[in-house]
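# prediction below, plus the sequence it came from.
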Amino acid sequence: MNLVNSKYKELATLVWQQGQLVEISITDLTDSGDGVGRYDEKVVFVSDTVPGDRLIVRLTRVKPKYAYGKLHQFLEKSDYRIKPYCIVADKCGGCQWQHIHYEYQLQAKQNQVIQALERIGKLKLPKVEPTLASPSPFGYRNKVTYPLSISSKGEVRAGYYQKGSHQLINLNQCPIQDQRFNPLLKEIKQDITRQEWKIYDENKHTGILRHLSLRIGEKIGEILLTLVVNGSQEKPEELLPGITVQAKKWLEYYSQLVGVCLNYNSQATNTIFGQQTVCVAGKSYVREKFHGLEFQLTPNTFFQVNTKAAEKLIEIIIQELGLSGSEIIVDAYCGVGTFTLPLAKYLQQVNISNNDFVDIATEDLSEIGLRKSMVIGLEVQRVAIQQARHNAEINHLTNVRFYDGKVESLLPDLEVKPDVVLLDPPRKGCDRSVLETLLEILPERIVYISCKPTTLARDLNILCSTGKYYLSKVQPADFFPQTAHVECAAFLVKREQDKIINN
């Protein structure tokens, strides 16, 4: 018997090598979108596959306990597999899941959140609701930014990079972006080619034009075009000769286009936008309606890319909180007030004149303890705070205050105890000191919004393992259909003092 086992292991070792073919069945999906199968108790990751697929895979990168493979042959196709809508879906790196039925995408995202909470968060049987479907599985992106390159024929190309490479897949349209972008994408590339503007070469750090960005206010329909250039202080005409005349032509030709901007980025990095933006023609912003409020969005303003899905999530948050109107809420990492301002609608307003608005909006942190019923927004980017204040003003919301600085520095200095803290940090999650401050000030409720379940789970573990909070529910929301990304809101409630669990 031992001899048989020894021979089997020897054969398995010979197969477990780069270039070899193995048969596997896909049983799960990773948070990056790859299918997961097993061969001889070792894990194999394969892109463009679906649970239920049985296939032959060629191993491309092999480690002792896992490997990456490439689809070689289907033996049986999953019932959840569909034909991709996009003709370059198998090449373009913009989407990972167009080949998966949308209902199963929603199930997979819910499962992704559950696994993260259980494995990383160490939370037993977390209550994770079914994933909130996007109202539009396609055509939902209100902002796109395409890197540019030049073809062998001298034509300007724009698109996304091919999966696993740095080769650009040229696009004239994209099914996940707002379809009002499509005519502009194709024709503006042609205009750039005719202008003979030099395209940026990231390897040599030469050339001028780096990215083409389009943003739309989905509800209102205004479009903003931004060209990202390799420059710093130069005048637009020095970098792109003829840009002023061309920008005016674009505004005349495209009725929904309201502005053309140049963003300066001279860094030799993969950062898309620089700090400085100038308006060449028209307006420097678009208007958007969100939860009954008007927002002004500039080229590099962070705003949720799926307007309708974000509205559905904020409605659930407001419903779950059941606000009485007299709460004090802190919105940490507030950006331009995307969630701050809708929350402020449900609180009592402060009666002030328009002339007093700016003074009160910029009052010192020590003064807010004198006020009740308000939302306080904290954000590290000063430009975002300026836009947030402006958005509050145009909506006549007088019970919001915005402060710029690091959340970990501002939160401990607030001269008021919040009833609710909303967290919406970057993908890396919260700084540990932010979580420690929350465990000291102990707001009654915490709402943690995250686009990365693994860092969400890590931070929830810190908050819940003290016994001071319990996780009441998690609501995943599909802000990014056809991709493996998922947004979610976790709702934490402070335990009563006599029920605090000491670990």
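Yes, it's here.
# now do the helices in the stretch 1-150 of the chain.
2-15, 102-119 (DSSP state H, counting those that start in this stretch).
# next one: the stretch 301-450 of the chain
307-321, 340-344, 357-361, 382-394, 407-410, 432-441.
# and the ones you listed, which is most packed in?
Of the helices of the stretch 301-450 of the chain, the one with the most neighbours on average (mean count of other CB atoms under 10 Å) is helix 340-344, at a mean of 25. Placement of C-beta: from N, CA and C, glycine included.
# and that helix, what other elements does it pack with?
strand 293-297, helix 307-321, strand 328-332, strand 374-379, helix 382-394, strand 400-404 (3 or more CB pairs under 8 Å, 6 or more residues apart in numbering; DSSP states H and E).
# need the ones you listed in JSON lines (columns: mean pLDDT).
Converted to JSON lines, these look like this (pLDDT from 0 to 100):
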{"stretch": "strand 293-297", "mean pLDDT": "97"}
{"stretch": "helix 307-321", "mean pLDDT": "97"}
{"stretch": "strand 328-332", "mean pLDDT": "97"}
{"stretch": "strand 374-379", "mean pLDDT": "96"}
{"stretch": "helix 382-394", "mean pLDDT": "95"}
{"stretch": "strand 400-404", "mean pLDDT": "95"}
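# got the ones you listed as TSV, with distance to L21 columns?
Shown next, in TSV, are the helices and strands packed on helix 340-344 (distance: least, CB to CB, whole Å):
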stretch	distance to L21
strand 293-297	50
helix 307-321	41
strand 328-332	51
strand 374-379	52
helix 382-394	52
strand 400-404	57
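# where does pLDDT dip in the stretch 401-503 of the chain?
Residues of the stretch 401-503 of the chain meeting the criterion pLDDT under 70: 497-503.
# for it, which segments count as strands?
Using DSSP state E, counting those that start in this stretch, the strands of the stretch 401-503 of the chain run over 420-423, 445-450, 469-477, 487-494.
# nearest to L227 among the ones you listed would be which one?
Evaluated over the strands of the stretch 401-503 of the chain, closeness to L227 peaks at strand 487-494, with 29.4 Å, by CB to CB.
# returning to that earlier point: lowest average pLDDT across the helices of the stretch 1-150 of the chain?
If the helices of the stretch 1-150 of the chain are sorted by mean pLDDT, helix 2-15 sits at the bottom with a mean of 52.
# tell me which other helices or strands the top strand by length along the chain touches.
Determined from DSSP state E, the single longest strand within the chain is strand 66-76. Contact analysis of strand 66-76 by 3+ CB pairs under 8 Å, 6+ apart lists strand 21-29, strand 42-46, strand 54-62 as its packing neighbours.
# if you set the cut-off to 6 Å instead, what comes out?
Counting contacts by 3 or more CB pairs under 6 Å, 6 or more residues apart in numbering; DSSP states H and E, strand 66-76 is packed against strand 42-46, strand 54-62.
# of all these, which one is nearest A332?
Among the helices and strands packed on strand 66-76, strand 42-46 comes nearest to A332, with 35.1 Å by CB to CB.
# quick one: average confidence on that closest one?
97.
# by contact count, what packs against that strand?
Against strand 42-46 (3+ CB pairs under 6 Å, 6+ apart) you get strand 66-76.
# list the buried residues in the strand it packs on.
Within strand 66-76, the residues that qualify as buried are A67, Y68, G69, L71, counting by 16 or more other CB atoms under 10 Å.
# so how far is Y264 from Q233?
In this view, Q233 and Y264 are 8 Å apart by CB to CB, to the nearest Å.
# and the strands of the stretch 401-503 of the chain as a markdown table, adding mean neighbour count?
Listed next are the strands of the stretch 401-503 of the chain as a markdown table, based on neighbours: other CB atoms under 10 Å:
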| stretch | mean neighbour count |
| --- | --- |
| strand 420-423 | 24 |
| strand 445-450 | 24 |
| strand 469-477 | 21 |
| strand 487-494 | 22 |
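# export those strands to TSV and tack on distance to R61?
Shown next, in TSV, are those (distance: least, CB to CB, whole Å):
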stretch	distance to R61
strand 420-423	37
strand 445-450	30
strand 469-477	31
strand 487-494	30
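# got the contact list for V22?
For V22, the contact set (CB atoms under 6 Å, 6 or more residues apart in numbering) comprises Y39, V57.
# one more pass at 8 Å, please.
Contact analysis of V22 by CB atoms under 8 Å, 6 or more residues apart in numbering lists V15, Y39, V44, I56, V57, L59, G69.
# can you spell out which residues form a bridge with it?
Under DSSP bridges, the beta-bridge partners of V22 are V57.
# could you measure from it over to L411?
In terms of CB to CB, V22 sits 51 Å off from L411.
# look up how far W250 lies from E187.
For E187, the distance to W250 - CB to CB - is 9 Å.
# got the end-to-end distance for stretch 326-337?
19 Å (CA to CA, to the nearest Å).
# now do the buried residues in that stretch.
E327, I328, I329, V330, D331, A332, Y333, C334, G335, V336, G337.
# also stretch 283-293?
So, applying 16+ other CB under 10 Å, buried residues of stretch 283-293: K283, S284, Y285, V286, R287, E288, F290, H291, L293.
# how many neighbours does the nearest residue in space to V50 that is not next to it in sequence have?
For V50, ignoring the flanking residues on the chain, the nearest one in space by CB to CB, 6 or more residues apart in numbering is S78 at 4.2 Å. Residues near S78, counting by other CB atoms under 10 Å, number 21.
# Q275: which of the helices and strands packed on helix 340-344 is closest?
helix 382-394 (8.2 Å).
# counting contacts, what elements does that closest one pack onto?
So helix 382-394, by 3+ CB pairs under 8 Å, 6+ apart, packs with strand 293-297, helix 340-344, helix 357-361, strand 374-379, strand 400-404.
# make a markdown table from those and add distance to K219 to it.
Listed next are the helices and strands packed on helix 382-394 as a markdown table, based on distance: least, CB to CB, whole Å:
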| stretch | distance to K219 |
| --- | --- |
| strand 293-297 | 9 |
| helix 340-344 | 14 |
| helix 357-361 | 25 |
| strand 374-379 | 22 |
| strand 400-404 | 22 |
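# and these: which comes nearest C488?
helix 340-344 (18.0 Å).
# now that closest one: how far from the chain's centre is it?
20 Å (CA atoms, centre = their mean, to the nearest Å).
# against A477, how distant is the spatially most central residue of the chain?
Centroid-nearest residue in the chain, with CA atoms, centre = their mean: C451, separated by 6.1 Å. Per CB to CB, C451 is found 10 Å from A477.
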